[in-house]
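Kindly return the folded structure for what I paste below:
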Amino acid sequence: MHIIGKYSLFFSIFLLLTASIRLHAQTQNLSSDTDSFSLQRIFRDGKLSGNIRQFNMFTDNAPGLSDYFAVAIGASMRYETNQWKGVQMVMGGGFVKDIASSDFTQPDPVTGAFERYDAGLYELRELDNKGFLPRLEELHLQYRWKRNRLILGKQILKTPLANPQDGRMNPSMFDGLYGYLEPSGKIHLEGGWLWNAAPRSTSQWLGTAESMGIYPQGLTEQGLKSDYHGNISSAGLFVLNLGFSTPVLGKMAFWDYYIENVLHTAFFQWEKSFGPAHAAGAPALHAGLMVIRQDAVASGGNADPLKTYVAPGSKSWVVSSYAAWSKEAVRFQLNTTRITADGRFLFPREWGRDPLFTFLPRERNEGLGDVWAFSGQFTWRPRNSPFSGQFGMGHYRLPDVKNYRLNKYGLPSYNQLNMDLKYRFGGRLEGLESQVLIAWKKNAGDLYNNERYRINKVDMINYNLVFNYRF
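Prediction:
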């Protein structure tokens, strides 16, 4: 309650401050000279933006197992000051409020399992806390020069593995020092050191090591319950990226993620389009390739096998690819992913979703090895229409649920079918967007007559209706 009260006070002051600044700026004709220092110009010439989100979710499990629902509303606001000699301050926060929902503190009576999807609209660390959940989100200083910028503080990070994974009420965010460099139009550099994180579906900031294990921790390679949350020793996450593009080679990106004392991930991605670039709307072919190599660092975070994140000496290989055809608003894409049997593909789920081309919303292949995945997607995004949609289907052949070395979460093989429709309102409702997402998952593996392998994993449908108003 003390933390909630503190953040509530902060957010109330923040709203009053930004609103007064915005209103006062509308009545002032201030100089745009960014070299002269003036607190009034820096704050009153700032930019205020925000988002109101209303989220409805329903999970329909197999007959005899518990179903769940959640109806939540929330809002966030973001304020950017004007620049002075390239320096700028950004601050923002938000809250989530429950309207109606299931009791997530009660496990399913048949399996003893807790809900996996709907509870993520609130606070996963306190399943009984859904009344009012405030969170300080962005609070950082950034320095811009030419096409470059350096950011210090709490920020949104969009990389293949560390990303907002914005599929609930609030996204994952990071705290640290991070920079973006553009030495030329063809070369891109970025990277930094991150020491804190605010995982999606939580309302607090934690050290990066402490944030690992907020989500279910799964099993060790020996089939015992993992207990690495709060037991990992690490200085943080280091990220480095080099990207470049040429007309002949296409786009290439090299990423390096180093969780100090835990895990090293080397990541390469290539994408290229083939077709007459000068012919607008002409058919085009596209291709992409992703290769990931992972190695455990030292003891994987803790010398105790039950408390380590990754077993010492572990390694994994991932290869993912796609081929696509597009014309104007239509795109067909076929994807494949192979995770070898060398070991589990791992990265803290608290920090982002899978970057694999075969990914379909509401399920991941993180925590798995020896995977064959195939998916297809049809996307329709007309330029001048308020409607857009994407349909996806996939088959995911996974290791047996009792193969603990390669199946961290006991997820059986499955087939998945997704429908994702969006509509952008216009006129007096401009800024409002609605989304309907339906994900159906069908079991394709051996459950050994154990319903714990079924509930919230397969033979289920997850329904989502979301409204976003951005201003």
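
from here on, contacts and neighbour counts on C-alpha atoms
Will do.

all helices of the stretch 101-250 of the chain, in order?
Along the stretch 101-250 of the chain, the stretches classed as helices by DSSP state H, counting those that start in this stretch are 208-211.

Now do the strands in it.
Chain-ordered strands for the stretch 101-250 of the chain, with DSSP state E, counting those that start in this stretch as the definition, fall at 133-145, 148-155, 173-184, 187-198, 206-207, 237-246, 250-259.

Which strands or helices does the fourth one pack on?
With contacts defined as 3 or more Cα pairs under 8 Å, 6 or more residues apart in numbering; DSSP states H and E, the secondary structure elements packing on strand 187-198 are strand 173-184, strand 206-207, helix 208-211, strand 237-246.

Adjacent strands (with direction) for the first one?
It stands for strand 173-184. Using DSSP bridges, strand 173-184 pairs in its sheet with strand 148-155 (antiparallel), strand 187-198 (antiparallel).

Relative to Ala72, which of these is closest?
Nearest to Ala72 among the strands paired with strand 173-184 is strand 187-198; the distance by Cα to Cα comes to 19.5 Å.

and the closest one, how far out from the chain's middle?
Taking the mean C-alpha point of strand 187-198 and that of its whole chain, the gap between them comes to 15 Å (Cα atoms, centre = their mean, to the nearest Å).

Please apply the same query to stretch 331-345.
Counting by Cα atoms, centre = their mean, stretch 331-345 is centred 19 Å from the centre of its parent chain.

what stretches of the stretch 151-300 of the chain score poorly on pLDDT?
The stretch 151-300 of the chain contains residues with pLDDT under 70 at 277-280.

One more pass at 80, please.
276-281 (pLDDT under 80).

before we move on, the earlier item: tell me the most buried of the helices and strands packed on strand 187-198?
Of all those, helix 208-211 has the most neighbours on average by mean count of other Cα atoms under 10 Å, namely a mean of 23.

Which strands and helices lie in contact with it?
Counting contacts by 3+ Cα pairs under 8 Å, 6+ apart, helix 208-211 is packed against strand 187-198.

Contacts for the strand it packs on, please.
The set of residues that contact strand 187-198 without belonging to it, under Cα atoms under 8 Å, 6 or more residues apart in numbering, is 172-182, 204-208, 211, 235-245, 351.

Can I get the helices and strands packed on strand 187-198 in JSON lines including distance to Tyr258?
Written out in JSON lines, the entries for the helices and strands packed on strand 187-198 read as follows (distance: least, Cα to Cα, whole Å):
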{"stretch": "strand 173-184", "distance to Tyr258": "14"}
{"stretch": "strand 206-207", "distance to Tyr258": "15"}
{"stretch": "helix 208-211", "distance to Tyr258": "12"}
{"stretch": "strand 237-246", "distance to Tyr258": "5"}
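
between the ones you listed, which one is nearest to Val401?
The stretch from the helices and strands packed on strand 187-198 with the least distance to Val401 (Cα to Cα) is helix 208-211; that distance is 26.3 Å.

which other residues reach the closest one?
By Cα under 8 Å, 6+ apart, the surrounding residues in contact with helix 208-211 are 194-199, 229-237, 350.

Please repeat the previous calculation with a cut-off of 6 Å.
Taking contacts as Cα atoms under 6 Å, 6 or more residues apart in numbering, the residues outside helix 208-211 that touch it are 195-197, 230, 232, 234, 236.

The nearest residue to Asn61 once chain neighbours are set aside: neighbouring residues, count only.
In this structure, Asn61 finds its nearest non-sequential neighbour in Met460, 4.5 Å apart by Cα to Cα, 6 or more residues apart in numbering. Other residues within reach of Met460 by the criterion other Cα atoms under 10 Å amount to 21.
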